[in-house]
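Novice: Build me a model:
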Amino acid sequence: MEFPVVKGSSYILVHTPDILKEAGSTQTTTRAKNPDDEYLKKIDSHLRSFEEVVRYAPNQAYIGNILPDKLNEIDTPWYSEENLLDEDRFGSLGEIMPEKEFYLLLKHVDVFDLVKLSRDFSKKAEEIAADHPILKEMDLDIGEGEDMAEIEKLTAAQAEPLYLDGELIGCVKQAHETDINLSSHVILENLVGKASAVLAVKNLALKHDIDMEEIDYLIECSEEACGDINQRGGGNFAKAIAEMVGCVNANGSDLRSFCAAPAHALVNAAALVKAGVYDNVIVAAGGSVAKLGMNGKDHVKKDLPILEDTLGGFAILVSKNDGVSPLIRTDIIGRHKVGTGSSPQAVISSLVTEPLDKNNLSIKDIDKYSVEMQNPEITKPAGAGNVPESNYKMIAALGVKRGDLEREELMEFVKSHGMPGFAPTQGHIPSGVPFIGPAAEMMKKDMIDKAMIIGKGSLFLGRMTNQFDGVSFVIEKNKGIAEEKREVSDKEIKNMIADAMRQMAENLLGETE
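Specialist: Numbering: from 1, shown residues only. Have a look, this model is predicted:
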């Protein structure tokens, strides 16, 4: 059976402390309730510098400069000065971008002239983009910029302000006077999601030398939804992103399922490639403004840095088997069905043990599991605990119950088959997909053979159902393409029949003679 492959992946972070302060959901709701709240006054003193964000070990794991297991060897807290790494902002899988560069990209992807940058900032565009391997090659559409008086006027009315180091340098206008789905805040969220996804896809092309004109389809799977009053989630982010990155031969559509969406999207992409509908499908997602500083109050309360200061994005290319890239085992798919139930044991059973049982595999046959890879330094202060570790303990406990491993092996299983959480809490970003890039590298080095990617989602958040959601799939080291049996054409069959009949006739003539 020929399986599709993960041809390449990329992961990006964008450090956006000013967008966090102005537009993150925790900050906006707090400000609406009490503009003089003590938390709002303390934010500035708890924000990290760009250098600190770059040197933060989980971020380095996310962009590919270190493998996730390396985090076990680094003292905690990872955010403390003595534990920061001396690594670059550019990784083997992606990059960490500062806010000033991102504003240029935000303006560039805006095709309705809703992003306004000041004339002074716009003059610096060429200088800001000069050292960036992607921005300097793009024909950035920045324009001459606006007078500050005009930006201040728009901001005072209804526009979302854009700050850099606390200084107003632009704004995002509303796209309609009365439609809340096209308000300046929603437009900001959508453009940020689009721009960060564009950055991820551009990194995918750069890191893996991929020709965007060869892409057939793009599936976008973030947690945003663009539309208007008549079709609030109509889309289409995917095609908007494809347009910006040069996928001139691609179509695309959006897929949503809260945190589980990326796993669903990758299963869909694999199915499309395996069926022969498309040869090359990109799955991509940008970052979520709402999640910036989501747990900020808990971080400030415990005198920690506000660690949710980056947007996250990723892009993954699924293609036909090339004999080298990791296979997506479309025959090992876990599903959380409607009748499964929402208990942790039921969820893990449906996503892990059921698909393994169907393929005569034990829990220990999977070398690494990637499930809800949230960074524990973010979640533990907020009372959510170490989410990846909790999932690994549940998988191990099921393994003991099933007889796949002994009770005394439980914690060793957690250590060897799991890994520390390293992804930003951007909702859809942590759920399984951050490990696909590192897994490919580990397979290339013969460190692992199989990894299970698990996406989980909480559908009750939409107030439509109390159902849980989840899907899983296995990626596997590619052993090379098996020699395929050559297909025989209809013409060749006719010729073979004719030859056989001629031979029979000659034999009969020989016998009569």
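
Novice: gap between Glu73 and Pro305?
Specialist: To Pro305, Glu73 is 22 Å away according to Cβ to Cβ, to the nearest Å. Yep, even glycine has a C-beta here, placed from its N, CA and C like the rest.

Novice: er, Met419 actually
Specialist: 23 Å.

Novice: So which of these two has more stuff around it?
Specialist: In terms of neighbours (other Cβ atoms under 10 Å), Met419 is the more surrounded of Met419 and Pro305; the figures are 24 against 21.

Novice: Which residue, neighbours along the chain excluded, lies closest to the more buried one?
Specialist: Computed as Cβ to Cβ, 6 or more residues apart in numbering, the closest residue to Met419 that is not its neighbour in sequence is Pro68, at 4.2 Å.

Novice: So the one you found is in contact with Ala61, correct?
Specialist: Yes - the criterion here is Cβ atoms under 8 Å, and Pro68 meets it with Ala61 at 4.9 Å.

Novice: three-state assignment of the residue nearest the centre of the chain?
Specialist: Nearest to the geometric centre of the chain sits Phe314, at 3.7 Å (Cα atoms, centre = their mean). Three-state call for Phe314 (DSSP: H, G, I helix; E, B strand; the rest coil): strand.

Novice: ok, it - contacts?
Specialist: Phe314 makes contact with Ser9, Ser10, Tyr11, Ile12, Gly94, Ala200, Pro262, Ala284, Ala285, Ile429, Val433, Pro434 under the criterion Cβ atoms under 8 Å, 6 or more residues apart in numbering.

Novice: Leu405 versus that one, what's the distance?
Specialist: 32 Å.

Novice: what does stretch 227-239 contact?
Specialist: Stretch 227-239 is contacted by residues 176, 179-182, 190, 193-194, 197, 218-220, 222, 224-226, 250-254, 256, 284, 286 when judged by Cβ under 8 Å, 6+ apart.

Novice: Ends of that stretch, what's the gap?
Specialist: Counting by Cα to Cα, to the nearest Å, you get 14 Å between the two ends of stretch 227-239.

Novice: I'd like the average pLDDT over it.
Specialist: When pLDDT is averaged over stretch 227-239, the result is 96.

Novice: Now do the buried residues in it.
Specialist: By 16 or more other Cβ atoms under 10 Å, the buried positions in stretch 227-239 come out as Gly227, Gly235, Asn236, Phe237, Ala238, Lys239.

Novice: what do you get for stretch 206-214?
Specialist: So, applying 16+ other Cβ under 10 Å, buried residues of stretch 206-214: Leu206, Lys207, Ile210, Met212.

Novice: Just the buried ones among the contacts of stretch 227-239, please.
Specialist: 181-182, 190, 193-194, 197, 218-220, 222, 224-226, 250, 252, 254, 256, 284, 286.

Novice: From those residues, which land in strands?
Specialist: Leu218, Ile219, Glu220, Gly252, Asp254, Ala284 (DSSP state E).

Novice: Just flag the most distant two among these.
Specialist: Spanning the widest gap among those are Asp254 and Ala284, at 10.5 Å by Cβ to Cβ.

Novice: Strands of this protein, start to end?
Specialist: 5-15, 94-97, 115-117, 160-164, 167-172, 217-220, 251-254, 280-285, 310-319, 327-335, 368-371, 450-458, 468-476.

Novice: Let's have those in TSV, adding mean pLDDT.
Specialist: Converted to TSV, these look like this (pLDDT from 0 to 100):
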stretch	mean pLDDT
strand 5-15	98
strand 94-97	98
strand 115-117	98
strand 160-164	98
strand 167-172	98
strand 217-220	98
strand 251-254	98
strand 280-285	98
strand 310-319	98
strand 327-335	98
strand 368-371	98
strand 450-458	96
strand 468-476	97
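
Novice: Out of these, which gets nearest to Lys41?
Specialist: strand 160-164 (16.4 Å).

Novice: chain center to that closest one, what's the gap?
Specialist: In terms of Cα atoms, centre = their mean, to the nearest Å, the centre of strand 160-164 is set 26 Å apart from its chain centre.

Novice: okay, and for the chain, where does confidence drop off?
Specialist: The chain contains residues with pLDDT under 70 at 482-494, 496-498, 500-501, 504-513.

Novice: how about a cut-off of 50?
Specialist: 483-486 (pLDDT under 50).

Novice: Could you give the number of residues near the closest residue to Gly421 other than its chain neighbours?
Specialist: Of all residues not flanking Gly421 in the chain, Pro388 sits nearest, at 4.2 Å (Cβ to Cβ, 6+ apart). Per other Cβ under 10 Å, the neighbour tally for Pro388 reads 26.

Novice: just Arg335 next, same as before
Specialist: Counted by other Cβ under 10 Å, the residues lying close to Arg335 total 15.

Novice: Could you tell me how far Ile241 is located from Ser253?
Specialist: 11 Å.

Novice: which neighbours do those two share?
Specialist: With Cβ under 8 Å, 6+ apart as the test, Ile241 and Ser253 both reach Glu220.

Novice: just the helices in the stretch 151-300 of the chain please.
Specialist: Using DSSP state H, counting those that start in this stretch, the helices assigned to the stretch 151-300 of the chain run over residues 184-208, 237-245, 261-274, 296-301.

Novice: could I get those as TSV with distance to Glu160?
Specialist: Converted to TSV, these look like this (distance: least, Cβ to Cβ, whole Å):
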stretch	distance to Glu160
helix 184-208	4
helix 237-245	19
helix 261-274	25
helix 296-301	19
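
Novice: Would you tell me which of these gets closest to Leu135?
Specialist: Judging these by Cβ to Cβ, what sits closest to Leu135 is helix 184-208, at 9.0 Å.

Novice: That closest one versus strand 280-285: what angle between them?
Specialist: 140 degrees (axes from the mean of the first three to the mean of the last three Cα atoms, to 10 degrees).

Novice: quick one, helix 184-208 and strand 310-319 angle?
Specialist: Using the same axes, to 10 degrees: helix 184-208 against strand 310-319 is 50 degrees.

Novice: how far off strand 160-164 does helix 184-208 point, in degrees?
Specialist: Using the same axes, to 10 degrees: helix 184-208 against strand 160-164 is 50 degrees.

Novice: Can you point out the buried residues in helix 184-208?
Specialist: 184-207.

Novice: Next: stretch 148-164.
Specialist: Ile151, Glu152, Leu154, Thr155, Ala159, Glu160, Pro161, Leu162, Tyr163, Leu164.

Novice: roughly how far apart are the first one and Asn375?
Specialist: Using Cβ to Cβ, one gets 35 Å for the distance from Ile151 to Asn375.

Novice: repeat for the fourth one
Specialist: When distance is defined by Cβ to Cβ, Thr155 is 34 Å away from Asn375.

Novice: One more: the last one?
Specialist: Distance, Leu164 to Asn375, using Cβ to Cβ: 26 Å.

Novice: before we move on, the earlier item: okay, and the common contacts of Asp254 and Ala284?
Specialist: Going by Cβ under 8 Å, 6+ apart, residues that sit against Asp254 and also against Ala284 are Ile219, Glu220, Cys221, Ala238.

Novice: Out of the residues you listed, the closest to Ala382 would be?
Specialist: Nearest to Ala382 among the shared contacts of Asp254 and Ala284, with distances taken as Cβ to Cβ, is Cys221, at 24.8 Å.

Novice: The closest one contacts Ala285, correct?
Specialist: Yes - assessed by Cβ under 8 Å, Cys221 is found in contact with Ala285 at 4.9 Å.

Novice: So for the two, which residues contact both of them?
Specialist: Common neighbours of Cys221 and Ala285 (Cβ under 8 Å, 6+ apart) are Ala261, Pro262, His428.
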